[in-house]
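> A structural model of the following input is requested.
(chains A and B)
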There are 2 protein chains.
Amino acid sequence: MSNSSAPRTLPIARRALVAAAATSFAGAARAATPDPAIVNLPDWSQSLGDGVQAHPYGVPSPFEKNVVRRDVEWLTAGQQSSVNFTPLHALDGTITPNGLCFERHHGGVAAVDPDRHRLMIHGMVAKPVVLTMQDLKRLPRINRIYFLECAANSGMEWRGAQLNGVQFTHGMIHNVQYTGVSLRTVLEAIGIDPRAKWVMAEGADAAGLNRSIPLAKMMDDCMLAFAMNGEALRPEQGYPLRLVVPGWQGNMWVKWLRRLKIGDAPWETREETSKYTDLMPDGRARRSTFVMDAKSVITSPSPQTETAPKGRMVISGIAWSGRGAVSRVDVSLDGGRNWQAARLDGTADPLSLTRFYADIDWNGQELLLQSRAQDSSGYVQPSKADLRKIRGVNSIYHNNGIQTWLLRADGQCENVEVS
Amino acid sequence: MSNSSAPRTLPIARRALVAAAATSFAGAARAATPDPAIVNLPDWSQSLGDGVQAHPYGVPSPFEKNVVRRDVEWLTAGQQSSVNFTPLHALDGTITPNGLCFERHHGGVAAVDPDRHRLMIHGMVAKPVVLTMQDLKRLPRINRIYFLECAANSGMEWRGAQLNGVQFTHGMIHNVQYTGVSLRTVLEAIGIDPRAKWVMAEGADAAGLNRSIPLAKMMDDCMLAFAMNGEALRPEQGYPLRLVVPGWQGNMWVKWLRRLKIGDAPWETREETSKYTDLMPDGRARRSTFVMDAKSVITSPSPQTETAPKGRMVISGIAWSGRGAVSRVDVSLDGGRNWQAARLDGTADPLSLTRFYADIDWNGQELLLQSRAQDSSGYVQPSKADLRKIRGVNSIYHNNGIQTWLLRADGQCENVEVS
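Okay, here's the model as predicted:
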């Protein structure tokens, strides 16, 4: 910290931590006598609990009933072409549990019978094919952990702080381990016309959602995935088959994938002309903005977390980049005037979520909490102000600006803008 | 393969694969006309599906309803001191979804209110403390992926092939990402008596399950975990607090953790004298067999998987070691006479599950499928026969012998023994 007026923070070194923790513990221990909860055994220590047949497929504790995906009713006209959001404020680590991965649909969740599902690959190929799920499961498999972010994540924030909760400002992201087949394996086997440059991917949902994707990307690292976090894809994530397009906007990760058409030009589908283009200040639109740039956000404390007490506090957040690995995250306590390096922890694969922490000692003064990610390409996450100077506020897509939470003296957070 | 009578396998090289896959695809495509399922759109392409409020906490597809934890009724007297098993045959990748992590309880699932839960740390310490969950959440956090295996996993197989399914022979294992606090941080802050050597960990369940654990292990890599795969621990995994003891038998990973007592000798609790010792042929018992040795198993094909068709086949399995990272897995198709290196894929952290694959071309002849893990210490998973020569068949614990599946000509697998 170069600015002496900045809030005091403890260096994140174990020696200092241990000393601070000892003080905190001494306080917690108070009279150093066993807590009544130990002496007077609670109910759950005095009677048998559920047996092993209670939940063949397990569910969270009833005490976690508020940790769920939530939608914002006024955001969309209906339920089937809508979105709900991952409860980032209540999560930690880097893996998103399947039941909490946000949903975004254009025609609702297709309820696909995997035995009847087919993937057709045709167009500029030597041999068009129609593949069953069993055909795909006979091909060599790979496992990869990737984040998936909707291009519209944080989209409501272009015009200023709007939604009071990280679930809603940043919750269109999840990060799971995919199992499936490398698309390169499949396309090479089929034989692609050397003049081919694009692939149209189409879903089997009622929207028939389709996108044009450069063949080069498909051959690089795309996957035909049939499992997430070890089990079959969830229905809302494209069961039984999803296209995985690492680092690129979620809309291109076509769910319930039924068709790949190989061609030499993009198809100009609705989802790449009317939608998923970025309207600039001069009225023109940026197109083909496929890659999700480096971004980060503090998930705790944030507006939906419990009131923060004074004293030692864990600042926890997530960072990601569609251009490689997150190489560094900085945290500011004063709205971006001063920065300190956060500690990165958890799986740190390229194109996947990274968890960061900053351990501070909070004296109860207001803080303006921010995080700023840097990726392996050298790119640094911009401020919202800098982003607006170039992009204006017309777009709803690709807002990767720095988020600010005001931590008030009462221990609650608010979504705010800093100039 | 040195033995010419061994079943023919294709080298796992992409060139060969692509050629084979092309053949397979040509067959699948048949007349190269679109499949009726594409032309005659299925129901799910013709009507809107569920909206985003259908499942605030998501659930698997109804088509996956058989992918659940299952128990074996005759194995235990009741439901509360019993076990159910992870459906390994239906999973892939390395992460286990929280809802499918096996359960083993001694007094049922304690239904703990996190606000009322306390962890007491006392005994040979400078300052005994009673900590709330909020106290723990103010300390620096770490994220680690670890396997947890019950010492009795594969225990029924000591006397020969018994249970016909990898879910039941090997399903007392799971692998998740834990978020929590390093125990070293906590113990250093409290101040441990230099003469202390052991820690007793006790759960808040009705069984008050307790185990003695060497202090050195606690200071090395143990964690106080409150989250798994990003969300709060599941009730059956110790919500709100579990001790994580990487690489060591699951019984020591005390759930609903309420007490850590520091001492200079083990406590000789029931769980380390009457249970969790290994009865040897001469009637004496091996004690303190904490570490789970290297082990692997083929999860697909296996007795519970669908009938395998001839042609290209993915052999998929998992491997792990409590002594480090899995360095190599070999697969045999002929009951251990010949071996070929499998391909490792997925997260490969030490003390966590590794996924392996072998891609073969099956001509429909009977195969005796085996896998054999080797770890970074150089240890090689033994055959069951070699293990029995030393340990006999009295124990129910620590059976890490090589598993054999007979793949019959009809495409079904059976659990068998080979001499």
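> and A:Ser285, what does it touch?
Heads up, residue A:285 is Ala, not Ser. A:Ala285 sits next to A:Thr277, A:Asp278, A:Leu279 when contact means Cβ atoms under 8 Å, 6 or more residues apart in numbering or on different chains. Placement of C-beta: from N, CA and C, glycine included.
> Tell me, what's the model's pLDDT at it?
pLDDT recorded at A:Ala285 is 93.
> Tell me the bridge partners for it.
A:Leu279 (DSSP bridges).
> okay if I get the contacts of A:Ala285 as a markdown table plus pLDDT?
Putting the contacts of A:Ala285 into a markdown table (pLDDT from 0 to 100) gives the following:
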| residue | pLDDT |
| --- | --- |
| A:Thr277 | 93 |
| A:Asp278 | 93 |
| A:Leu279 | 93 |
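> Redo those as JSON lines? Include distance to B:Ser316 and neighbour count.
Putting the contacts of A:Ala285 into JSON lines (distance: Cβ to Cβ, whole Å; neighbours: other Cβ atoms under 10 Å in any protein chain shown) gives the following:
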{"residue": "A:Thr277", "distance to B:Ser316": "41", "neighbour count": "18"}
{"residue": "A:Asp278", "distance to B:Ser316": "42", "neighbour count": "18"}
{"residue": "A:Leu279", "distance to B:Ser316": "47", "neighbour count": "16"}
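> what's the closest of the residues you listed to A:Leu260?
Distance to A:Leu260 across these (Cβ to Cβ) is lowest for A:Thr277, with 22.7 Å.
> does the closest one really touch A:Arg287, like I thought?
Yes: judged on Cβ atoms under 8 Å, A:Thr277 makes contact with A:Arg287 at a distance of 5.0 Å.
> Get me the contact residues on the stretch 301-419 of chain A for chain B.
Neighbours of chain B within the stretch 301-419 of chain A, by Cβ under 8 Å from any Cβ of the partner chain: A:309, A:311-314, A:316, A:343, A:345-347, A:355, A:357, A:359.
> beta partners of A:Gln370?
A:Ser332, A:Thr404.
> picking that back up, mind giving me the ChimeraX command for buried ones among the residues of the stretch 301-419 of chain A next to chain B?
Filtering these down to the buried ones (16 or more other Cβ atoms under 10 Å in any protein chain shown) takes a single ChimeraX command:
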select /A:311,312,313,314,316,345,346,347,355,357,359
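> Among the residues of the stretch 301-419 of chain A next to chain B, name the least confidently predicted one.
When those are sorted by pLDDT, the bottom entry is A:Thr347 at 67.
> And the helices in the stretch 101-250 of chain A, which stretches?
A:133-136, A:166-170, A:183-190, A:215-221 (DSSP state H, counting those that start in this stretch).
> Show me the one of those helices that comes nearest A:Ser61.
Of all the helices of the stretch 101-250 of chain A, helix A:166-170 sits nearest to A:Ser61, with 19.2 Å by Cβ to Cβ.
> So which elements touch the closest one?
Packing partners of helix A:166-170 (3 or more Cβ pairs under 8 Å, 6 or more residues apart in numbering or on different chains; DSSP states H and E): strand A:295-300.
> got the contact list for the strand it packs on?
Residues outside strand A:295-300 that contact it (Cβ under 8 Å, 6+ apart) are A:88-89, A:91-92, A:149, A:154, A:166, A:169-170, A:314-321, A:326, A:329, A:331, A:356, A:369-373, A:381, A:400, A:402-403, A:405.
> OK, now which residue of the stretch 251-400 of chain A is nearest to chain B?
A:Gly346 (3.9 Å; Cβ to the nearest Cβ).
> ok now do that residue, which residues does it touch?
By Cβ under 8 Å, 6+ apart, the contact set of A:Gly346 is A:Gly93, A:Thr94, A:Leu353, A:Thr354, A:Arg355, B:Asn143, B:Gln177.
> go with 10 Å
A:92-95, A:175, A:318, A:352-357, B:141-145, B:177, B:179, B:230 (Cβ atoms under 10 Å, 6 or more residues apart in numbering or on different chains).
> Give me the below-cutoff pLDDT ranges for the stretch 1-150 of chain A.
Scanning the stretch 1-150 of chain A for pLDDT under 70 picks out the ranges A:1-39.
> go again using 90 as the cut-off
By pLDDT under 90, the low-scoring segments of the stretch 1-150 of chain A are A:1-41, A:73-77, A:127.
> All the strands of it, residue numbers only.
Assigned by DSSP state E, counting those that start in this stretch, the strands in the stretch 1-150 of chain A fall at A:70-71, A:84-85, A:119-123, A:129-131, A:141-149.
> Could you identify which of those is most buried?
Highest mean neighbour count among those (mean count of other Cβ atoms under 10 Å in any protein chain shown): strand A:84-85, with a mean of 29.
> Could you confirm whether that one reaches chain B?
Yes: residues of strand A:84-85 contacting chain B under Cβ under 10 Å from any Cβ of the partner chain: A:Asn84, A:Phe85.
> Contacts for that strand next, please.
Contacts of strand A:84-85 (Cβ under 10 Å, 6+ apart): A:68-72, A:75, A:100-105, A:150, A:153, A:163, A:165-173, A:236, B:51-56, B:58.
> try 8 Å this time
Identification of contacts with strand A:84-85 by Cβ under 8 Å, 6+ apart yields A:69-72, A:102-103, A:167-168, A:171-172, B:52-53, B:56.
> Pull out the CA atoms of the helix or strand where A:Arg328 lies and give them to me as CSV.
Taking DSSP states H and E as the definition, A:Arg328 sits inside strand A:326-332. Output in CSV follows, covering the C-alpha atoms of strand A:326-332 (Å, rounded to 0.1, in the frame of the first residue of the first chain):
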residue,chain,number,x,y,z
VAL,A,326,-5.8,-16.2,-14.6
SER,A,327,-2.3,-15.2,-13.6
ARG,A,328,-3.1,-12.6,-10.9
VAL,A,329,-5.9,-11.0,-9.0
ASP,A,330,-5.7,-7.8,-7.0
VAL,A,331,-8.1,-6.6,-4.4
SER,A,332,-8.8,-3.0,-3.5
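> Point out the other elements, helices or strands, that it touches.
strand A:295-300, strand A:311-320, strand A:340-341, strand A:343-345, strand A:354-362, strand A:367-375.
> and the spatially closest residue to A:Trp158 that is not a sequence neighbour, how far is that from A:Tyr379?
Closest residue to A:Trp158 apart from its sequence neighbours, by Cβ to Cβ, 6 or more residues apart in numbering or on different chains: A:Val393 at 4.7 Å. Distance of A:Val393 to A:Tyr379, given as Cβ to Cβ, to the nearest Å: 22 Å.
> So, low pLDDT: which residues of the stretch 251-400 of chain A?
A:274, A:346-349.
> rerun at 70
Along the stretch 251-400 of chain A, segments meeting pLDDT under 70 span A:347.
> Would you mind giving me the confidence score for the nearest residue to A:Gln46 once chain neighbours are set aside?
Excluding its sequence neighbours, the residue lying closest to A:Gln46 (Cβ to Cβ, 6+ apart) is B:Ala206, at 6.6 Å. For B:Ala206, the model assigns a pLDDT of 96.
> Now B:Ala206: phi and psi?
Here is the backbone geometry of B:Ala206 (degrees, to the nearest 10): phi -60, psi -20.
> That one: neighbour count?
23 (other Cβ atoms under 10 Å in any protein chain shown).
> can you check A:Lys389 too?
A:Lys389: 11 surrounding residues under other Cβ under 10 Å.
> Take the helices of the stretch 101-250 of chain A and write them to JSON lines, including mean neighbour count.
Shown next, in JSON lines, are the helices of the stretch 101-250 of chain A (neighbours: other Cβ atoms under 10 Å in any protein chain shown):
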{"stretch": "helix A:133-136", "mean neighbour count": "18"}
{"stretch": "helix A:166-170", "mean neighbour count": "27"}
{"stretch": "helix A:183-190", "mean neighbour count": "21"}
{"stretch": "helix A:215-221", "mean neighbour count": "17"}
